[in-house]
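Visitor: any chance you can model this:
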Amino acid sequence: MTTIVEGRHLTREFPMPAGPVVALRDVSIEINPGAYVAVTGPSGCGKSTLLHLLGCVDAPTDGSLLFEGRDVARLTDSERSRIRLTRIGFVFQRFFLMPMLSAWENVELPQAEIGIRPADRRARTRELLEYVDLIDRGHHRPSQLSGGEMQRVAIARALANRPALLLADEPTGELDEDTGEQVADLFDRVHADGTAIVVVTHNPVLATRAERRLMMKRGTVVHS
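Guide: Numbers count the residues shown, from 1 in each chain. A predicted model of the protein is given here:
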């Protein structure tokens, strides 16, 4: 089994006028195909920083990160961008859908960015909107959708290029309890279909759905 992403002794410091702030300290982690990991802990403990490193959005100050066996530090910017587009899907607390695009166009966009043919994009977009039960809302813009619908569109967009790894940062944080549970059900389905998931969450309902739970405090993993 090939590990999707492996971090070894990851540390991330941010320079500040009063001295560097250590957001992550000596964290080692492996995410294998089909994993479902919840990362929990108080605000400011390093959860989102860890997610950004795993997603090749940020780079560690110290330590190493391998993505599918490749040392991320040795990759060019375009190679890292390609990984983010084709191998990783991202879901955020505030959705970050393109407001001037319809739900359909939001799901189609990442496919267009990697050169998928129009006919194939249309087929994949239809498949995904049906998957998240929003095919009848495909031509609505985000402002015309509920919070739960926007998050389901965001999940469909994250899956558009068939990623090996789905990273979610507080995906139920803007949703009410019932809608959050619906999104948790959808993550269960995504996981059952074979996509590895790492979710940062304060939501205990979502966290208990994961097969593995990492608890963080002050930039380190204190329990797993």
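
Visitor: what residue lies at the spatial centre of the chain?
Guide: Centroid-nearest residue in the chain: Leu167, 1.8 Å away (criterion: Cα atoms, centre = their mean).

Visitor: what helix or strand does that residue sit in?
Guide: Using DSSP states H and E, Leu167 sits in strand 165-169.

Visitor: now the element after the lengthiest helix in the chain, going C-ward?
Guide: The helix that spans the most residues within the chain, counting by DSSP state H, is helix 177-192. Next in sequence after helix 177-192, counting helices and strands by DSSP H and E, comes strand 196-200.

Visitor: what residues sit buried inside that following strand?
Guide: Neighbour counts using 16 or more other Cβ atoms under 10 Å place Ala196, Ile197, Val198, Val199, Val200 of strand 196-200 among the buried residues. From N, CA and C alone the C-beta is placed, and that goes for glycine too.

Visitor: ranges for the strands of the protein?
Guide: 5-14, 21-31, 36-40, 62-67, 70-71, 88-92, 165-169, 196-200, 212-217, 220-223 (DSSP state E).

Visitor: nearest to Val107, out of these?
Guide: Among the strands of the chain, the nearest to Val107 by Cβ to Cβ is strand 88-92 (11.4 Å).

Visitor: can I get the CA coordinates of the closest one in CSV?
Guide: Taking Å, rounded to 0.1, in the frame of the first residue of the first chain, the C-alpha atoms of strand 88-92 are listed here in CSV:
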residue,chain,number,x,y,z
ILE,A,88,-6.3,16.6,-3.5
GLY,A,89,-9.8,18.0,-3.0
PHE,A,90,-10.4,20.8,-0.6
VAL,A,91,-13.6,21.7,1.4
PHE,A,92,-13.7,24.8,3.6
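
Visitor: perfect, I'm done here.
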